[in-house]
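**Q** Kindly generate the corresponding structure for this input.
(one chain, ligands or ions: 3)
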Amino acid sequence: MRVPVTVYLGLGSNLGDRLNHLQQAVEQLQAHPEIRVTRVSSIYETVPVGPVEQPDFLNMVVAAETTLSPEELLSAVQEIEQRLHRVRTIRWGPRTLDIDILLYGERVLRQEGLTLPHPRMEERAFVLIPLLEVAGNLRIPGSGATVQARLEAAPDRSGVRKTPYRMNLTPVVG
Ligand code: X6L
Ligand code: MG
Ligand code: MG
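**A** Ligands and ions are numbered 1, 2, ... in the order given. I've put the predicted structure just below:
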């Protein structure tokens, strides 16, 4: 039996029915037999960061426990992205659903296709603001910085606005 690990996932959508995409994503994560969603952040509307001009995002963070390995978790979230019709065209371009593994327990990993902690999370308010809600005093593995400290230095803070949208976490018995 594998010991469950606490993971944090960053979710984003900026195409189509963005809220529905996030809701479907959380439901599909929860439906996975080896993933238990434990906390969901508020939902934020965020100005796009990066080199591509694109629509505003909805972003949120979920905390979960999983017995999947990092690689297995990556496959699971990529399957969910595919089911939500993610099409990979422009790098860093618009997408129906993006699920990033931000943190996998205390693990620091540099593999092709999977870097942990997520390589850009420490400078992105659209990740750090919702992460702070679900992981208050956490220190980021590797750097040892707190989420709060990184947030104070994040350049895109003014582009992150809390929405009144709320994810319903349907409890799973068992
Ligand atoms: C130079 C080159 C400067 C690349 C910045 C920035 C690359 C952001 C990738 C960059 C660069 C990213 C989201 C987003 C994206 C999102 C919001 C990325 C991946 N995803 N903006 N931009 N929310 N607000 O989820 O983060 S593209
Ligand atoms: Mg992303
Ligand atoms: Mg991604």
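**Q** per-residue confidence at residue 1?
**A** On pLDDT, residue 1 comes in at 86.
**Q** For it, give me its contacts.
**A** When contacts are counted by CB atoms under 8 Å, 6 or more residues apart in numbering, residue 1 touches residue 67. To be clear about C-beta, it is placed using only N, CA and C from the backbone, and glycine gets the same treatment.
**Q** Number of residues surrounding residue 108?
**A** Residues within reach of residue 108, counting by other CB atoms under 10 Å, total 13.
**Q** Look up how far residue 63 lies from the closest residue to it other than its chain neighbours.
**A** Sequence neighbours aside, residue 142 is the residue nearest to residue 108 in space, at 4.6 Å (criterion: CB to CB, 6 or more residues apart in numbering). The gap separating residue 142 from residue 63 is 19 Å, by CB to CB, to the nearest Å.
**Q** Of these two, which one has the most company?
**A** Taking other CB under 10 Å, residue 142 and residue 63 do not tie; residue 63 has more neighbours (21 against 15).
**Q** Am I right that the residue nearest to residue 108 is in contact with residue 107?
**A** No: the criterion here is CB atoms under 8 Å, and residue 142 misses it with residue 107 at 9.4 Å.
**Q** Burial check on residue 42, number of neighbours?
**A** Other residues near residue 42 number 17, with proximity taken as other CB under 10 Å.
**Q** Need the pLDDT of it.
**A** Taking residue 42 on its own, its pLDDT is 98.
**Q** right, and it touches residue 60 too?
**A** Yes: using CB under 8 Å, residue 42 is in contact with residue 60, at 6.9 Å.
**Q** which residues sit against stretch 12-29?
**A** 9, 11, 35, 37, 40, 43, 46, 48, 54-60, 62, 64, 76-77, 80, 83-84, 94-100, 126, 165, 167-170.
**Q** Repeat that for stretch 118-129.
**A** With contacts defined as CB under 8 Å, 6+ apart, stretch 118-129 is touched by 10, 12, 44, 46, 49, 57, 59, 61, 100-103, 131, 140, 143, 145, 147, 150-151, 153-157, 159-160.
**Q** Just these: which are in strands?
**A** 10, 12, 44, 46, 57, 59, 61, 100-103, 160 (DSSP state E).
**Q** Distance-wise, check the residue positioned nearest the centre of the chain relative to ligand 3.
**A** What sits nearest the mean C-alpha location of the chain, by CA atoms, centre = their mean, is residue 10, with 0.8 Å. To ligand 3, residue 10 is 8 Å away according to CB to the ion, to the nearest Å.
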